[in-house]
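Colleague: sharing a model prediction with you, sequence too.
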Amino acid sequence: MTVLAAGLALLGSLFFALGAALQQFEASSTSRAVLRHLVRRPRWLLGGLAIAAGTALHVVALKYGPLTVVQPMGVASLLFALPCAAALRRRRPRPGELAAAAVISIGLIGLVLVVPDQGGDPHLGTGEAVALLAGAAAASLALWTAARQASPAARACLLAMGAGVLYGATATLTRVLVDGGGEFWFLLAVPMPALIALALLQRAYAVGHFGVAFAALQVSDPLTAVVFGALLLGEPLPTGVAAVLTALAAAALTAAGTVSLARTTPMSPSHDVTARRTAR
């Protein structure tokens, strides 16, 4: 069953990477990278379907294998995403891009493996849920504000991080709802941060540095969920010298790989237009 779970997780990563590459291609190829225009583009919608399929495969994989096997396989989506994006641009991925992506993936796997397993039934009260949404909104707004004056690569990273924070908050609320530990209004609140995150992510994609944006999303989304889980749900964080040192080393690798990726990944052909637009 573990082999089946790993295979499903890898296939899910491929679908997720392809969907992200398709959506970034469309977002960076139009002068209006806003949802109401992107949803009219068939290739962008196809990307959304691919992402949904990848997510579903990941969920099924978790039913057949342990988290320590499935989650690292999910990280492989970055290694798939860069060749997919390059193929859409009719170019070959540069060796430096793939090397940087491999470093980021190793760092992400290290971070995933040191997070303790979640236990118990999560529960959020109304006040805690409001604090979660307000905290995510404030952090995302701060990142969006900082992105307006940043360089293109940093702008893509900051916007994607803002999206990742909101996705992490959405994941936390969704987990509470699935386990029956939340209020009914949580169900009504979940779509809003998810939609704002999707819009922010398209702005990040439109800048042109796809690898940087995708890596930032992969880092910020799960880490936000871990932080909210620890602060609001009482879930454990890594403890012990070995776990802490591993987490720090993994974080350093991820940061170094992201910086390297920003220097090696070429901008999309339409970046001159999109970069000005996303700075507004």
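Modeller: Here it is on my side, so go on.
Colleague: show me the shaky parts of the stretch 1-150 of the chain.
Modeller: 1, 66-68, 71, 117-121 (pLDDT under 70).
Colleague: and stretch 196-216, how far from the chain's centre?
Modeller: 9 Å (CA atoms, centre = their mean, to the nearest Å).
Colleague: what is the mean pLDDT for it?
Modeller: Stretch 196-216 shows a mean pLDDT of 90.
Colleague: cool, stretch 253-268 as well?
Modeller: Per-residue scores along stretch 253-268 average to 78.
Colleague: and L173, how close does it get to A215?
Modeller: For L173, the distance to A215 (CB to CB, to the nearest Å) stands at 25 Å. In this view, the C-beta of every residue, glycine as well, is placed from N, C-alpha and C.
Colleague: in terms of neighbours, single out the busier of these two.
Modeller: More neighbours surround A215 than the other of L173 and A215, with 29 against 23 (other CB atoms under 10 Å).
Colleague: next secondary structure after whichever strand or helix holds the more buried one?
Modeller: Here A215, judged by DSSP states H and E, is contained in helix 210-232. Sequence order places helix 241-264 as the next helix or strand after helix 210-232, per DSSP H and E.
Colleague: who touches that following helix?
Modeller: In this structure, residues lying in contact with helix 241-264 by CB atoms under 8 Å, 6 or more residues apart in numbering are 94, 96-97, 99-111, 113-114, 153-154, 157, 209, 211-212, 215-216, 219, 238.
Colleague: which of these fall in strands?
Modeller: The strands, defined by DSSP state E, take in nothing from the contacts of helix 241-264.
Colleague: return the subset of those lying in helices.
Modeller: Among those, DSSP state H puts 96-97, 99-111, 113-114, 153-154, 157, 211-212, 215-216, 219 in helices.
Colleague: buried ones among the residues you listed?
Modeller: Neighbour-count burial (16 or more other CB atoms under 10 Å) is assigned, among these, to 97, 100-101, 103-111, 113-114, 153-154, 157, 211-212, 215-216, 219.
Colleague: sorry, back to before: show me what the helix holding A215 packs onto, helices and strands only.
Modeller: helix 2-27, helix 77-88, helix 95-114, helix 126-147, helix 152-178, helix 191-207, helix 241-264 (3 or more CB pairs under 8 Å, 6 or more residues apart in numbering; DSSP states H and E).
Colleague: and with 10 Å instead?
Modeller: In terms of contacts (3 or more CB pairs under 10 Å, 6 or more residues apart in numbering; DSSP states H and E), helix 210-232 is packed against helix 2-27, helix 67-75, helix 77-88, helix 95-114, helix 126-147, helix 152-178, helix 191-207, helix 241-264.
Colleague: quick one: contacts for the spatially closest residue to T224 that is not a sequence neighbour?
Modeller: Spatial nearest neighbour of T224, excluding adjacent residues (CB to CB, 6 or more residues apart in numbering): G168 at 2.6 Å. Residues in contact with G168 (CB atoms under 10 Å, 6 or more residues apart in numbering) are 132, 136, 139, 193, 197, 220-229.
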